[in-house]
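> What shape does this take:
(one chain, ligands or ions: 1)
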Amino acid sequence: MKQPQVVLELEQIAVAPLEQGRGIGEALIRKSLPDIAVQLAERGATLDAVLISTRTDNRAQRLYRKALGAEVGATIPSLYSADEVIMVARDPLRSNYTPSDARNASRLNQPSRPRACGRGR
Ligand SMILES: CC(C)(COP(=O)(O)OP(=O)(O)OC[C@H]1O[C@@H](n2cnc3c(N)ncnc32)[C@H](O)[C@@H]1OP(=O)(O)O)[C@@H](O)C(=O)NCCC(=O)NCCS
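Numbers count the residues shown, from 1 in each chain. Sure thing, here's the model as predicted:
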């Protein structure tokens, strides 16, 4: 029987303002992916793609390109509060998790308020 292939949506990600730009967002994504793959494998499924939507002017697009290999699949004018891009990462597990990511992730000690990637903004 063919394994179910899962498409996940990255719904919310945020790093505390004072900690932004230090690689923590990238580390969060890279560190999460292998864990997600394990959880899916336990259910007999594989990760096929990750979808992200964000405003066209959000610099987070660069993060999604770097950490996931995501590309803009579509631009939707005037959705929610502004024009929105839908990004698709078709091979999200290709990037390798590195020790520097672990150091960055372990520095997280304060919860920050997550911001929706898409809906509600
Ligand atoms: C988007 C966010 C989670 C990225 O986390 P981060 O820890 O600042 O990102 P990183 O340090 O890992 O940076 C990864 C890349 O993202 C880019 N980037 C994305 N958002 C950025 C921001 N607000 N400030 C600076 N760089 C940002 C950087 O250019 C960086 O690439 P580079 O190192 O090649 O220049 C964080 O900036 C944030 O919480 N922003 C506000 C909430 C938000 O917009 N969330 C996304 C909704 S779709």
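> Give me the helices and strands touching the helix or strand harbouring residue 78, please.
Residue 78 is part of strand 71-79 when elements are defined by DSSP states H and E. Helices and strands touching strand 71-79, as assessed by 3 or more Cβ pairs under 8 Å, 6 or more residues apart in numbering; DSSP states H and E, comprise strand 82-89. Where C-beta positions appear, they are placed from N, C-alpha and C, glycine not excepted.
> Can you list the strands that the strand it packs on pairs with?
Paired neighbours of strand 82-89 in the sheet (DSSP bridges): strand 46-55 (antiparallel), strand 71-79 (antiparallel).
> So for the shortest one, mean pLDDT?
For strand 71-79, the mean per-residue pLDDT is 95.
> That strand close to the ligand?
No - Strand 71-79 stays clear of the ligand (Cβ under 6 Å from any ligand atom), getting no nearer than 13.0 Å.
> what does the chain put close to the ligand?
By Cβ under 6 Å from any ligand atom, the residues of the chain that approach the ligand are 13-15, 20-26, 54, 58-60, 62-63, 66, 115, 117.
> tell me the angle the longest helix seen in the chain makes with strand 46-55.
Counting by DSSP state H, the longest helix found in the chain is helix 24-42. Between helix 24-42 and strand 46-55, the angle comes out at 150 degrees (axes from the mean of the first three to the mean of the last three Cα atoms, to 10 degrees).
> and helix 24-42, what does it pack onto?
Counting by 3+ Cβ pairs under 8 Å, 6+ apart, helix 24-42 packs on strand 46-55, helix 60-68, helix 99-106.
> Dump those to JSON lines, plus mean neighbour count and mean pLDDT.
Compiled in JSON lines, the helices and strands packed on helix 24-42 are given as follows (neighbours: other Cβ atoms under 10 Å; pLDDT from 0 to 100):
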{"stretch": "strand 46-55", "mean neighbour count": "20", "mean pLDDT": "96"}
{"stretch": "helix 60-68", "mean neighbour count": "19", "mean pLDDT": "95"}
{"stretch": "helix 99-106", "mean neighbour count": "14", "mean pLDDT": "45"}
